[in-house]
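**Student:** what's the 3D shape of this:
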Amino acid sequence: MRIVVLAGGLSPERDVSLSTGTQVCNALRQCGQQAILVDLFYGEEALPTPIENAFLASEPLSPRPVKAAAPDLAAVRASRPDSGLGGVGKNVIELCKAADIVFMAMHGIPGENGMLQAMFDMMEIKYTGTGYFGSALAMDKAVTKELFRAHGILTPKGRLFKKGEKISFPLPCIVKPCSGGSSIGVTKAFTPQALQAAAEAAFRCEDNILVETFYPGREFTCGILGAQALPPAEVIPKGDFYDYEHKYQNGLITEVCPAQIPEALTHELMETSLKAFETLSLSVYARMDYIYSTDGRLFCLEANTLPGMTPTSHFPQMARAAGMDYAALCMKIIELSLAK
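**Tutor:** Residues are numbered from 1 along each chain as shown. Next comes the predicted model:
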């Protein structure tokens, strides 16, 4: 198959996306597929004739490690001439049309909130993962929270604030951008002063933020692949908070996969994840994140419709615990996506 692995873009998670995309592209090439890595923002200045020759590259790509800090997007934007397509680079659409399928290695907006998926649907371009509707529901954490409540999925109490509103919420709490990822702009607040500072930091990421009750406890994550829940994992940060640096720098977390927990809690994590997957109209694959509070309640925090596939990501490790190696996982995602 000819496959475009689409990554990069102008999200704060750009570096994470490129790391995911590089690893996915290498795995697909190892499986004998004609895979190429395409940066959504930069695109390709020139295309070969015929365009199918663009897919002939087969050498392994150099790994793309994720730096400790999120990228400077203003510098990225300034480094490329205007393509006439905004955040879409030159020849990206042409390459995607020439492919049998686009492997969505995007993280953040516009690759994870349904915008690209809707455009591809209009152009009859096949792509991996959830469609535009489920992607939009899951990306908006406030909408996700309302749907979880309506369908009996326990989630922390929270409130949406728009830029300019007075911020007031019971302490302690967690402050986060409403549609962000990778814990960028996420802060714990234990005092009124810290709450205001956290809100200012989150508003620098976007105009809508979510403030929700903070529950101390253990952190778990559980993936869905097709109609099956994968073995859940426990994530234990070595610092105080599971932030961007902890997510992508080696050695800053301890991950136990499968989680060493009672069978009843494993069952609850897997069943809740399947219910959340259905509630948000998701398809193919996703990952749900949880807090198991010290008083024994399991809170579902959010759904990730394009979970990371970097060397430190949870989803491939959960698949491995289920008996599926990285390359087989990539091919399974493509198989499920073509069948949807």
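
**Student:** Contact partners for R218?
**Tutor:** E234, I236, I291, Y292 (Cβ atoms under 8 Å, 6 or more residues apart in numbering). For every residue, glycine as well, the C-beta is placed using N, CA and C.

**Student:** ranges for the helices of the stretch 101-250 of the chain?
**Tutor:** Ranges of helices within the stretch 101-250 of the chain are 115-123, 132-139, 141-150, 192-203, 244-248, based on DSSP state H, counting those that start in this stretch.

**Student:** hey, which of those is tucked in deepest?
**Tutor:** Compared across those, helix 132-139 shows the largest average neighbour count, a mean of 23 (mean count of other Cβ atoms under 10 Å).

**Student:** neighbouring contacts of that one?
**Tutor:** Helix 132-139 is contacted from outside by 109, 112-115, 117-118, 121, 129-130, 143-144, 147, 179, 280-283, 286, 302-305, using Cβ under 8 Å, 6+ apart.

**Student:** Packing partners of the one helix or strand V24 maps to?
**Tutor:** Using DSSP states H and E, the element containing V24 is helix 14-30. If contacts are counted by 3 or more Cβ pairs under 8 Å, 6 or more residues apart in numbering; DSSP states H and E, helix 14-30 sits against strand 2-7, strand 34-39, strand 101-104, helix 244-248, helix 326-339.

**Student:** quick one, it and strand 2-7 angle?
**Tutor:** 160 degrees (axes from the mean of the first three to the mean of the last three Cα atoms, to 10 degrees).

**Student:** Provide the secondary structure category for the nearest residue to A138 once chain neighbours are set aside.
**Tutor:** Among residues not flanking A138 along the chain, A303 sits closest, at 4.3 Å (Cβ to Cβ, 6 or more residues apart in numbering). The three-state assignment at A303 reads strand, by DSSP: H, G, I helix; E, B strand; the rest coil.

**Student:** who are the neighbours in contact with I224?
**Tutor:** L230, S273, L274, F277, L282, Y285, A286, R287, M288.

**Student:** What subset of the contacts of R218 is buried?
**Tutor:** E234, I291, Y292 (16 or more other Cβ atoms under 10 Å).

**Student:** Now, the residues you listed that are in strands?
**Tutor:** E234, I291, Y292 (DSSP state E).

**Student:** quick one: low-confidence parts of the stretch 201-340 of the chain?
**Tutor:** 239-252 (pLDDT under 70).

**Student:** which residue ranges form the strands in it?
**Tutor:** 208-213, 217-225, 228-229, 233-237, 253-256, 285-293, 298-304 (DSSP state E, counting those that start in this stretch).

**Student:** Report the buried residues of the helix holding V24.
**Tutor:** 14-29.

**Student:** for stretch 325-340, same thing?
**Tutor:** For stretch 325-340, by 16+ other Cβ under 10 Å, it's Y326, A327, L329, C330, M331, K332, I333, I334, L336, S337.

**Student:** Leaving out chain neighbours, which residue sits closest to K162?
**Tutor:** K162's closest residue in space is N208 (Cβ to Cβ, 6+ apart), at 5.7 Å.

**Student:** Nothing else from me, thank you.
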